[in-house]
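K.L.:
after the sequence you'll find the predicted model.
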Amino acid sequence: MNEETLQSSLHNGQELATLGGGCFWCLEAVYLECQGVDKVVSGYCGGFVPNPTYYQVCEGTTGHAEVVQLTFNPQLISFKEILQVFFTIHDPTTLNRQGNDVGTQYRSAIFTHSEAQQRIAAETITEIAAAKIWDGKIVTEVTPLSVFYPAEDDHQEYFLNNPFQPYCQYIVAPKVIKFRKTFLDKVKR
């Protein structure tokens, strides 16, 4: 499914955001709880192999990042607020790595859908760097989206469907808890 197909399917003023911050299960679990986010699809973006599989992406040979694509209502949550959550729940200073997940598929990335998103992403990165929230330099890639490939069905709503899986308990759950504590006013009720 490409950008044009997804954009044409949006209605009621909804927008898309596509973000990579390590394993897509973590980002998906957080954004599913985020007020104003109507849909979250785990997938792959930024590579050169058409229709990659999870196993191909995990090998790190396709150039894709694990990402989530959000459909959100900008009247309830702005793109900037989505990025504020993003920069809180992953470490944007580790190149091609999040914790024990290592490889370009786990890179910090924002795949923009418009010039406005490109500008907001650059401004947000500058603000976060100036605030010195993170000790290191922010290495988040900001690139216009070309093609988004949804991941296989068993990777959708992974945390909801596998809450007792060890990776979910030790890696995903703490990020969800951090989101809830930091952004209490943004949690769906």
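P.N.:
Yep, that arrived. Residues are numbered from 1 along each chain as shown.

K.L.:
counting contacts, what elements does the helix ranked longest in the chain pack onto?
P.N.:
Assignment by DSSP state H gives helix 115-131 as the longest helix of the chain. Counting contacts by 3 or more C-beta pairs under 8 Å, 6 or more residues apart in numbering; DSSP states H and E, helix 115-131 packs against helix 79-89, strand 108-112, strand 141-144. Where you see a C-beta, it was placed from the backbone N, CA and C, and this is true even at glycine.

K.L.:
which of those sits most buried?
P.N.:
strand 108-112 (a mean of 24; mean count of other C-beta atoms under 10 Å).

K.L.:
coming back round to it: closest to Gln98 out of the helices and strands packed on helix 115-131?
P.N.:
strand 108-112 (7.8 Å; C-beta to C-beta).

K.L.:
make sure Tyr44 is actually in contact with Ala151.
P.N.:
Yes - with contacts counted by C-beta atoms under 8 Å, Tyr44 reaches Ala151, the gap being 6.5 Å.

K.L.:
compare these two (neighbour count), which wins?
P.N.:
Higher neighbour count among Tyr44 and Ala151: Tyr44, with 27 against 22, using other C-beta atoms under 10 Å.

K.L.:
which pLDDT value goes with the more buried one?
P.N.:
On pLDDT, Tyr44 comes in at 97.

K.L.:
just Glu3 next, same as before
P.N.:
In this model, Glu3 carries a pLDDT of 41.

K.L.:
what's in contact with stretch 80-93?
P.N.:
17, 19, 21-22, 26-27, 30-31, 34, 36-37, 70, 72, 98, 108, 110, 120-121, 123-125, 128, 133-140, 175, 178-179, 182-183, 186 (C-beta atoms under 8 Å, 6 or more residues apart in numbering).
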